[in-house]
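*Asks:* With the input below, show me the fold.
(2 chains)
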Amino acid sequence: AAGVIQSPRHLIKEKRETATLKCYPIPRHDTVYWYQQGPGQDPQFLISFYEKMQSDKGSIPDRFSAQQFSDYHSELNMSSLELGDSALYFCASTPDRGGLLDIQYFGAGTRLSVL
Amino acid sequence: DAKTTQPPSMDCAEGRAANLPCNHSTISGNEYVYWYRQIHSQGPQYIIHGLKNNETNEMASLIITEDRKSSTLILPHATLRDTAVYYCIVRVFTSGTYKYIFGTGTRLKVLA
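*Replies:* The predicted structure follows:
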């Protein structure tokens, strides 16, 4: 079965550079979530989209922005990167937001290292 | 705004049942409890979820107390591959949308 695809899997950037992370949800999933997981930390919710509209924001820095496109894929744009942005970034999608089958399926993640 | 409390770590002998507890005493009536696990740094993997009835699937069983203030995830016959961090999560409805609130997780080590 198709899963959530994230690219790239690994990304190395310098401080103050920009990065773009991509997420391709499972087909027919209309809701996408982004999470950040720092070293030794639990996943922290960043932002979510439903039907291409932002639906909720968590602890996402102003330096980060995201959007969901017409094909439902999503991109997380990160500017002025800081050392503390080094983390795993997960994307998840669900087919039934708020319903009985509301299960978030996670991608394998993008490991961002800021040097 | 943590909604769940879990023990930080547990050990379980291979082949035995692993019982992972979770406290969610502030859960609201329409908030679901979800369990996920994360092996190494892979993406969290869905295990099971429920509202108030006990649930079972091919991976595990979920026992929710009648007052819904706590639950237990049961892995009936733990294997070495079940070694992972297990997250008990409450799905809340806030700001007009649904969101997972992750707890701090239980690091389960299955011992040979």
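*Asks:* for chain A, what spans make up the helices?
*Replies:* Counting by DSSP state H, chain A forms no helices at all.
*Asks:* residues from it in reach of chain B?
*Replies:* A:4, A:33, A:37, A:42-45, A:48, A:50, A:55-56, A:58, A:88, A:90, A:92, A:97-98, A:102-109, A:111 (Cβ under 8 Å from any Cβ of the partner chain). C-beta here means a position set from N, CA and C on the backbone, and glycine is covered the same way.
*Asks:* Now restrict the residues you listed to buried residues only.
*Replies:* A:4, A:33, A:37, A:42-43, A:45, A:48, A:50, A:55-56, A:88, A:90, A:92, A:97, A:102-109, A:111 (16 or more other Cβ atoms under 10 Å in any protein chain shown).
*Asks:* Filter those residues down to just the ones in strands.
*Replies:* Counting by DSSP state E, those place A:33, A:37, A:45, A:48, A:50, A:55-56, A:88, A:90, A:92, A:105-106, A:111 in strands.
*Asks:* Which member of those is positioned nearest residue A:13?
*Replies:* residue A:111 (11.5 Å; Cβ to Cβ).
*Asks:* How about that closest one: what's its closest non-neighbour residue?
*Replies:* Counting by Cβ to Cβ, 6 or more residues apart in numbering or on different chains, residue A:10 is the residue found nearest to residue A:111 once chain neighbours are left out, at 5.0 Å.
*Asks:* Can you report how many residues neighbour that neighbour?
*Replies:* 9 (other Cβ atoms under 10 Å in any protein chain shown).
*Asks:* now residue B:51
*Replies:* There are 15 residues near residue B:51, going by other Cβ under 10 Å.
*Asks:* Then the one 10 residues further on?
*Replies:* Residues near residue B:61, counting by other Cβ under 10 Å, number 17.
*Asks:* Could you list the residues of chain B in contact with chain A?
*Replies:* B:32, B:34, B:36, B:41-46, B:49, B:87, B:91, B:93-100, B:102-105.
*Asks:* Quick one, which of those residues are buried?
*Replies:* B:32, B:34, B:36, B:43-44, B:46, B:49, B:87, B:91, B:97-100, B:102-105.
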